[in-house]
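using only what follows, build the 3D model:
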Amino acid sequence: MQDPQQILRDYFGYSSFREGQQALIGQILRGGDVLGIMPTGAGKSVCYQVPALMLPGLTVVISPLISLMEDQVAALRQAGIPAVCLHSNLDQQTYFSQLSEVRSGRVRLLYAAPERLLTESFLSLTTQHPVSMVAVDEAHCLSQWGQDFRPGYLDIAAYLAQLPQRPVVAAFTATATKAVREDIRRLLELHDPLELVTGFDRENLRWVLEHPSRKYDALLHHLHRMQGKSGIVYCISRRLTDEVCEKLCKDGFSAARYHAGLDPAERAANQDAFLRDEVQIMVATNAFGMGIDKSNVSFVIHYNCPKSMEAYYQEAGRAGRDGMPAECILLYSAGDIRINQMLIEGDRENDRLTPEQRQAVTQQDHARLNAMVRYGGLTDCLRHYILRYFGEQAPERCGNCSSCLADTQKTDVTIPAQKILSCVFRAAQRGIHCNQRLLCDILQGKETDRVSALRLQTLSTFGILTDLPRKQLERMVQILISRGCITVDTANYSALTLTPRANPILRGQQTVEMALPKETPKPKSAAKLADLPEFAAHEDLFQRLRRVRERLAAKAYVPAYVIFSDATLREMSVKCPATPDQLLAVSGVGKYKLEKYGDVFLQTIAEYMHDAAAVQNS
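Below is the predicted model of the structure:
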């Protein structure tokens with residue numbers, strides 16, 4: 001029998017395992033349960049796909065989305081691994097063909113949605129064919145404390161109980177707090193699992209935080225910068241998704257939209273077009289992307305602030321899955337927080353919860369939103385904040401986020417900080433908890449209807465920061481929030497409250513420094529990605545290889561990256577392999593794909609080298 005390393009090499013084309021993969025695979029092969037918490041792009045699927053080829057029976061993979069199942073099955077089949085998925089969108093002929101494959105015993109991985117598990121037909125199929133492992137993908141959907149609770153996942157334990165013999169259970173997710181991990185262990189009834197949390201840091205991602213006054217203009221700036229690259233733009237609502245997509249198309253960008261309000265046929269067509277690189281930009285709500293395995297996403301832009309760090313990290317992490325440098329950009333505004341507050345209060349999806357449980361979930365959602373508010377005010381390292389949020393140690397500076405790269409200078413702002421904190425305190429003395437807009441209006445002496453109605457123009461702090469530009473004042477308030485001197489009660493109209501951290505500042509016992517833009521800033525230039533490997537000498541070859549891949553993908557009707565990822569083509573364009581053995585040494589080229597596609601790629605490389613030599617000799 002082949003060992004895991006050989007299977008990884010032959011079928012997936014990789015020479016070594018990533019962090020955590022080998023330990024999880026070893027535990028599964030020993031018959032033990034596992035719980036793997038691994039960031040997007042860290043290779044969770046390999047942890048159950050490799051042992052599935054070594055275990056004697058069938059592996060059932062429980063997955064939340066049809067698109068995710070189809071994507072993974074297509075990739076497995078291209079690698080020579082027999083896999084099928086059963087779901088409601090299959091026509092009758094295809095459905096029975098898939099059933100026949102499973103019954104023949106050839107299939108190693110069977111993908112299904114959780115809602116299908118307890119159906120009579122699925123139970124009959126999987127009780128007649130021994131199930132060696134049940135892999136639960138996106139396992140955080142089990143927990144009411146998770147950001148994507150899905151009631152159907154609660155049926156998994158009942159399904160396991162009806163199998164003739166309990167299989168190994170392997171659960172995986174990209175983000176899970178301690179409470180979520182406890183829920184996963186309890187609800188799946190895991191038996192003394194190996195619980196492994198790999199590092200959350202992905203060094204190829206650049207984190208960017210901006211506070212633009214005109215969001216669409218900021219979006220255009222970034223899209224022009226990344227012209228020709230594939231990316232996702234997340235919007236907070238269906239209406240805004242439609243508006244942004246329409247504007248981008250009018251402005252000449254190749255864009256499509258995706259949200260739950262679209263006709264299913266349009267959603268599926270738009271998703272397919274994005275996966276096949278027929279459109280470059282997907283404008284979507286958070287309904288898009290869970291488990292989407294598109295490897296060449298070069299950027300993810302959040303047009304609005306998500307309602308949790310968990311959601312933000314998962315969505316932004318869909319960039320750079322191929323290991324190439326990529327950007328994760330958040331266009332933050334206080335208005336996004338108000339919309340998220342309404343979404344949290346209006347959430348009625350968790351209908352299985354008691355009123356007490358629903359209240360607890362709502363409180364937890366507001367706590368998560370508060371973490372995003374603090375992130376939105378950062379001038380310190382963004383990566384440091386993200387990693388610390390997930391319980392991981394991190395250096396104070398990463399050198400690859402917008403805070404670390406900003407052209408700023410440390411400025412002593414103790415006096416204006418004291419005035420801001422004092423205003424929050426004076427208003428609270430009258431029983432008034434301001435939101436950020438009202439606080440800035442008071443400090444700048446603006447007699448708005450709200451200020452007049454509450455008689456706030458009589459406060460001693462009214463108009464004491466009229467000399468400060470509004471944008472800079474708002475930034476200072478956000479920074480004080482991010483540093484924990486002020487809390488934002490997102491459950492109570494974003495009311496601001498001082499914390500004990502404000503006391504030494506108000507008493508003059510602590511100075512306040514903030515990284516603010518220099519008074520004579522340098523001309524703003526487009527931010528550069530982390531240094532790319534040197535591909536310039538063979539960029540023409542890379543483009544030729546992409547065209548070959550596109551033709552093969554169109555013929556097989558699969559996304560182009562399922563044939564080979566951009567990272568694999570890049571490596572080919574650098575190494576210029578001339579023999580099958582040399583091509584096999586390229587990361588991402590396994591034996592099955594070498595046999596299937598090796599000749600055409602080797603021929604393309606040989607033709608390029610011949611043409612290059614002819615030009616050089618002429």
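
ok, now which ones touch L142?
Counting by C-beta atoms under 8 Å, 6 or more residues apart in numbering, L142 makes contact with V136, F149, R150, Y153, L154, I156, D183, I184, L187, L188. All C-beta spots, glycine's among them, are computed from the backbone N, C-alpha and C.

with adjacent residues omitted, what lies nearest to it?
Y153 (4.4 Å; C-beta to C-beta, 6 or more residues apart in numbering).

same question, Y389
M309 (5.1 Å).

the one you found - how many residues pack around it?
Neighbourhood size, M309 [other C-beta atoms under 10 Å]: 21.

what is the neighbour count of the residue nearest to L142?
Using other C-beta under 10 Å, Y153 has 26 neighbouring residues.

likewise the one 5 residues further on?
Counted with other C-beta under 10 Å, residues neighbouring A158 total 10.

give me the sheet partners of the helix or strand of the chain with the lowest mean pLDDT and which way each runs.
Sorting the helices and strands of the chain by mean pLDDT, DSSP states H and E puts strand 513-517 at the bottom, at a mean of 79. Note on strand 513-517: by DSSP bridges, its sheet partners are strand 408-412 (antiparallel).

helix or strand right after the partner strand?
helix 414-429 (DSSP states H and E).

rewinding a little: need the contact partners of whichever helix or strand comes after the least confident helix or strand of the chain.
Downstream of strand 513-517, the next assigned helix or strand under DSSP H and E is helix 539-556. With contact meaning C-beta under 8 Å, 6+ apart, helix 539-556 is reached by 78, 276-277, 535, 559-560, 562-564, 566, 569-570, 572-573, 576, 597, 600-601, 604-605, 607-608.

quick check: buried residues in the next helix or strand after helix 539-556?
Using DSSP H and E, the helix or strand that follows helix 539-556 in sequence is helix 560-563. Neighbour counts using 16 or more other C-beta atoms under 10 Å place A560, Y561, V562, I563 of helix 560-563 among the buried residues.

gap between the first one and T40?
Between A560 and T40 the distance is 20 Å, computed by C-beta to C-beta, to the nearest Å.

that older thread, drop anything exposed from the contacts of helix 539-556.
Buried among the contacts of helix 539-556 (16+ other C-beta under 10 Å): 78, 276-277, 559-560, 562-564, 566, 569-570, 572-573, 597, 601, 604-605, 608.

pLDDT value on the nearest residue in space to R321 that is not next to it in sequence, please?
Closest residue in space to R321, ignoring its immediate chain neighbours: G41 at 4.1 Å, by C-beta to C-beta, 6+ apart. Looking at G41, its pLDDT is 70.

for P114, same thing?
90.

what about it, how many neighbours?
Using other C-beta under 10 Å, the number of residues around P114 comes to 21.

which residues touch the residue lying closest to it once chain neighbours are set aside?
Spatial nearest neighbour of P114, excluding adjacent residues (C-beta to C-beta, 6+ apart): G152 at 3.8 Å. G152 makes contacts with A113, P114, E115, as judged by C-beta under 8 Å, 6+ apart.

got a pLDDT number for the residue nearest to S482 when sequence neighbours are not counted?
Closest residue in space to S482, ignoring its immediate chain neighbours: G377 at 3.4 Å, by C-beta to C-beta, 6+ apart. Listed pLDDT for G377 reads 86.

pretty sure G377 sits against I481.
Yes - using C-beta atoms under 8 Å, G377 is in contact with I481, at 4.8 Å.

find the residues that touch each one of these two.
Between them, G377 and I481 share no contacting residue, judged by C-beta under 8 Å, 6+ apart.

F564 and L594 touch, don't they?
No - F564 is beyond contact range of L594, at 11.0 Å (criterion: C-beta under 8 Å).

doesn't L330 belong to a strand?
Yes - counting by DSSP: H, G, I helix; E, B strand; the rest coil, L330 is part of a strand.

so what's it up against?
V208, L209, E210, I301, H302, C305, Y312, A316, Y375, G376.

how about the fourth one, secondary structure?
Recorded secondary structure, I301: strand (three-state DSSP).

thought it was touching K229?
No - contact criterion C-beta under 8 Å: I301 and K229 do not qualify, at 11.5 Å.

who has more neighbours out of those two?
Ranked by neighbour count (other C-beta under 10 Å), I301 and K229 place I301 first, with 26 against 15.

for that one, what are its contacts?
I301 is in contact with L219, H222, L223, G231, I232, V233, Y234, I329, L330, L331, counting by C-beta under 8 Å, 6+ apart.

let me see the contact set for the residue nearest to L142.
I62, P64, P114, V136, A139, C141, L142, L187.

S565 too?
S295, N296, D322, G588.

from those residues, which two are the most distant?
N296 and G588 (12.4 Å; C-beta to C-beta).

narrow the contacts of L142 to those in helices?
Secondary structure from DSSP state H places I156, D183, I184, L187 of the contacts of L142 in helices.

just give me the neighbour total for the third one.
I184 has 26 neighbours, counted by other C-beta under 10 Å.

please list all residues in contact with it.
L35, A139, H140, L142, S143, A171, T173, A176, L190.

confidence score at it?
Looking at I184, its pLDDT is 93.

L473 is in contact with T466, isn't it?
No - using C-beta under 8 Å, L473 is not in contact with T466; the gap is 9.8 Å.

of those two, who's got more company?
L473 (21 against 11).

can you list phi and psi of the residue nearest to V586 when sequence neighbours are not counted for me?
Leaving aside its sequence neighbours, V586 sits nearest to E571 (C-beta to C-beta, 6+ apart; 5.0 Å). In terms of degrees, to the nearest 10, the main-chain angles of E571 are phi -60, psi -40.
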